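**Q** sequence unknown, structure follows:
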């Protein structure tokens, strides 16, 4: 199977708010979320305030079969993921305090194959955990729903 261009679109709702209760290692103020670039924890794609109604990121990737590669895809074959970094803002910029790993191994084979054919893989998830804090740790279904989509302007 030749390499294909595939976009991953992450559609997030239910953000936790711009401030939350403080906890160990969690500042609780001026919260934003962004996608972290592979190998560059300080390089964040489109930080979104934690009180936004929704956050959407589109990541350009290359598919080798159903294995997705790109500047925002982390990990090795069979263990790929996208980091959603939670950061607190301050006078010196953003400081990461928590991350969620959006695990690509949670994408079913049929969905992955359909996404490669269509050129779009869509992740839909809420970003607030059961304690009202920013979602963190490994994120797999049922916390995220994966589907193949249609790229805008596709025939």
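**A** Cool, got the structure. Quick caveat, the model's predicted, so the values are computed rather than measured.

**Q** who does the nearest residue to residue 48 once chain neighbours are set aside bridge with?
**A** The shortest distance from residue 48 to any non-neighbouring residue, by C-beta to C-beta, 6 or more residues apart in numbering, is to residue 55 (4.0 Å). Using the backbone N, CA and C atoms, a C-beta is placed for each residue, glycine as well. For residue 55, the beta-bridge partners are residue 12 (DSSP bridges).

**Q** Could you measure from residue 55 over to residue 29?
**A** 18 Å (C-beta to C-beta, to the nearest Å).

**Q** quick one, which of the two is more surrounded?
**A** Counted by other C-beta atoms under 10 Å, residue 55 and residue 29 do not tie: residue 55 has more neighbours, with 21 against 13.

**Q** Contact partners for that one?
**A** For residue 55, the contact set (C-beta atoms under 8 Å, 6 or more residues apart in numbering) comprises 10-12, 15, 33, 46, 48, 127.

**Q** need the strands for this protein, in chain order.
**A** For the chain, applying DSSP state E gives strands covering 4-13, 31-37, 40-49, 54-64, 67-69, 81-90, 93-103, 120-126, 137-139, 144-148.

**Q** want to throw those strands into CSV with mean pLDDT and distance to residue 75?
**A** CSV is the format used below for these (pLDDT from 0 to 100; distance: least, C-beta to C-beta, whole Å):
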stretch, mean pLDDT, distance to residue 75
strand 4-13, 97, 14
strand 31-37, 96, 12
strand 40-49, 93, 14
strand 54-64, 97, 13
strand 67-69, 97, 10
strand 81-90, 91, 5
strand 93-103, 91, 8
strand 120-126, 98, 15
strand 137-139, 97, 11
strand 144-148, 98, 16
